[in-house]
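Q: Fold the stuff below for me.
(one chain, ligands or ions: 1)
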Amino acid sequence: MSKPSRRQFLKDAAIGASAVLAGWNARSYARILGANDRVQFGVIGLHGRGYAHMESVKSASNADVTYVCDVDRLELDKFAAATQKTFGHAPAKGKDFRRLLESPDVDAITIATPEHWHAHMAIMGLQAGKHVYVEKPSSHNPLEGEMLVEAQKKYGRHVQMGNQQRSSPHTIDIIKRIHAGIIGKPYLGKAWYRNTRASIGIGKQIPVPDHLDWDLWQGPAPRRPYKDNIHPYNWHWFWHWGTGETLNNGTHEVDLCLWAMDLGWPKIVTASGGRYHFTDDWEFYDTLTTSFEYDHAMITWEGLSCQGKLSEGRGRGALIHGTKGSVLIDRAGYQVFDLDDRKIEEFTTDTKTSTTDLRSVDAMTDAHIQNLVGAIRAGEALRSPIHEGNVSVTMLQLSNVAWKLNRTLHLDTSNGHVVGDPQASALCRRDYEKGWELKL
Ligand SMILES: NC(=O)c1ccc[n+]([C@@H]2O[C@H](COP(=O)([O-])OP(=O)(O)OC[C@H]3O[C@@H](n4cnc5c(N)ncnc54)[C@H](O)[C@@H]3O)[C@@H](O)[C@H]2O)c1
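A: Numbering: from 1, shown residues only. Next up, the predicted model:
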């Protein structure tokens, strides 16, 4: 098969698309903010990660939460009350994010919804003139990621992806030193994640709870009946809405490896593993190893969703091996080793961070949101601009494709597209519920 050009790839995606997300009239309500203006945030998706967004906006200088949005009324009311307590005033609230996007009192949005929504909300946010903080993974599939990168360029607002370790001072410091040659030439980045997740069981079809708008929860995803093991959180483990543990957690440490090793698109992607621990509705693996090969370098990720046995004494981390030594990086600090495994340096941060409880106060997320505020008000460079974040995300989405098809993928290293495998390319996009087709 001949390789589709980037332009063709995007064109194909748009063919057949109805009007931009039917009924949506992208009006631009955007204030021009000066260095002293308060940046007003709308927070979308409130059950879990939304709390960290709200707390981090509170910690940022001269920033506010003015609007909160969730399709689950119970979550909306609870979060609005928490926002009022935190900021001392009641935010506007509603279940339809399109109303939030119309509000002149929102300059920037944060997105912490299920992943079938991320690219849609981010692109529609840009079309409405808003700046965007979108949780990792920034899209549900590679085509959406590519469209989001194009949309950012087209609409010109800032888009920061929520891989917050990019804003961790000790990580920034050690990666600068890796770039300066502290371990020679890095050639192997090894990333991992551990958790002891419970089974999600076999879902039962039940009536939609009266506090949930299931139609608006589904949005772009073709309609399915409501079951009792999807919302909240367990959608992560279904292809229809989620992206599995590699995107849920690999996104953080694989991104560190890419950054530390200064790499872009790999040549080859492989993945193997399975759902070994439980038998239930969970559609992804709970045990996976994946690797990304480059000329003279490689990145691996190992994800164990149902095993608490640590690796290097840590539930997550990245180990970078180079020609002169190795560096171990995690959220709490780093260690530097020589080639004979002698520890020659160690640093532990005293800022509050957590590797597991991401609803709580976290200095990395505070700094990452502050960075977006700085970009909006004063042109500060973003630490995870979407064109960079999208590379890590797409690589891990391709790892999911390699796992699903049980074969090696070969990529065009100029753009990350799969070469010579139409079946794999078909899995780099998805169908939409009528009226929710994505178009720039
Ligand atoms: N950066 C991090 O460290 C970090 C940590 C946790 C989660 N996350 C990411 O945050 C995202 C959310 O994860 P979570 O665990 O909070 O999920 P969750 O299921 O706990 O919460 C998602 C919320 O989104 C709401 N929602 C669904 N559709 C909506 C819509 N159309 N409009 C408004 N609200 C809608 C749901 O009702 C729910 O309250 C995921 O992408 C996840 O990967 C990132």
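Q: residues in the chain within reach of the ligand, list them.
A: Proximity of the chain to the ligand (Cβ under 6 Å from any ligand atom) is limited to residues 44-49, 69-72, 75, 97, 112-115, 117, 135-136, 162, 164, 216-217, 219, 232-233, 248, 358. In short, each C-beta sits where N, CA and C put it, glycine included.
Q: Try it again at 5 Å.
A: By Cβ under 5 Å from any ligand atom, the residues of the chain that approach the ligand are 44-49, 69-72, 75, 97, 112-113, 115, 135, 162, 216-217, 232-233, 358.
Q: For the residue of the stretch 1-150 of the chain found nearest the ligand, grab the count of nearby residues.
A: Taking Cβ to the nearest ligand atom, the ligand has its nearest neighbour within the stretch 1-150 of the chain at G48, 2.6 Å off. Counted by other Cβ atoms under 10 Å, the residues lying close to G48 total 14.
Q: I'd like to know which of the residues of the chain next to the ligand are part of helices.
A: Those of those mapping onto helices are E75, F97, L216, W217, per DSSP state H.
Q: just the buried members of those residues?
A: E75, F97, W217 (16 or more other Cβ atoms under 10 Å).
Q: wait, the first one sits on R49?
A: No: under the criterion of Cβ atoms under 8 Å, E75 lies out of contact with R49, with a separation of 12.0 Å.
Q: so who does the closest residue in space to L409 that isn't next to it in sequence touch?
A: Once flanking residues are discounted, L409 sits nearest to V269: 4.4 Å by Cβ to Cβ, 6 or more residues apart in numbering. V269 makes contacts with T290, S291, F292, E293, M395, L398, S399, V401, A402, T408, L409, L411, as judged by Cβ atoms under 8 Å, 6 or more residues apart in numbering.
Q: mind listing which of these are in strands?
A: T290, S291, F292, E293, L409, L411 (DSSP state E).
Q: Which residue ranges of the protein form helices?
A: So, for the chain - with DSSP H - the helices run 6-14, 50-59, 73-87, 97-102, 118-127, 142-155, 169-179, 214-218, 244-245, 251-261, 363-378, 386-405, 422-426.
Q: among these, which gets the worst mean confidence?
A: Ranked by mean pLDDT, the helices of the chain end with helix 6-14 at the bottom, a mean of 40.
Q: Show me what stretch 141-159 is in contact with.
A: Contacts for stretch 141-159 (Cβ under 8 Å, 6+ apart): 6, 9-10, 13, 30, 108, 118-120, 122-123, 125-127, 129-132, 134, 138-139, 372, 375-376, 382, 385-387, 390, 393-394, 397-398, 416, 427-430, 438, 440.
Q: any idea how far it is from the chain center?
A: For stretch 141-159, the separation from the chain centroid amounts to 14 Å (computed by Cα atoms, centre = their mean, to the nearest Å).
Q: For it, buried residues please.
A: 141-149, 151-152, 155, 157-159.
Q: list the contacts for L263?
A: C257, Y294, A297, I299.
Q: Report the separation between T279 and P114.
A: 24 Å (Cβ to Cβ, to the nearest Å).
Q: meant to ask about Y187
A: With Cβ to Cβ as the criterion, Y187 and P114 are 37 Å apart.
Q: now swap in A221 and tell me
A: 9 Å.
Q: between those two, what contacts are shared?
A: Residues touching both A221 and P114 by Cβ under 8 Å, 6+ apart: W241.
Q: Those two: which has the busier surroundings?
A: Remark: of A221 and P114, P114 carries more neighbours, 26 against 21, as counted by other Cβ under 10 Å.
Q: my guess is that one contacts N234, does it?
A: No: applying Cβ under 8 Å as the test, P114 and N234 come out as separate, 10.0 Å apart.
Q: re the thing from before, and the contacts of V269, which of them are buried?
A: Buried among these (16+ other Cβ under 10 Å): T290, S291, F292, E293, M395, L398, S399, V401, A402, L409, L411.
Q: Contacts for the lengthiest strand in the chain, please.
A: The single longest strand within the chain, with elements called by DSSP E, is strand 186-196. With contact meaning Cβ under 8 Å, 6+ apart, strand 186-196 is reached by 178, 245, 249-250, 253-254, 256-258, 260-261, 296-312, 314-323.
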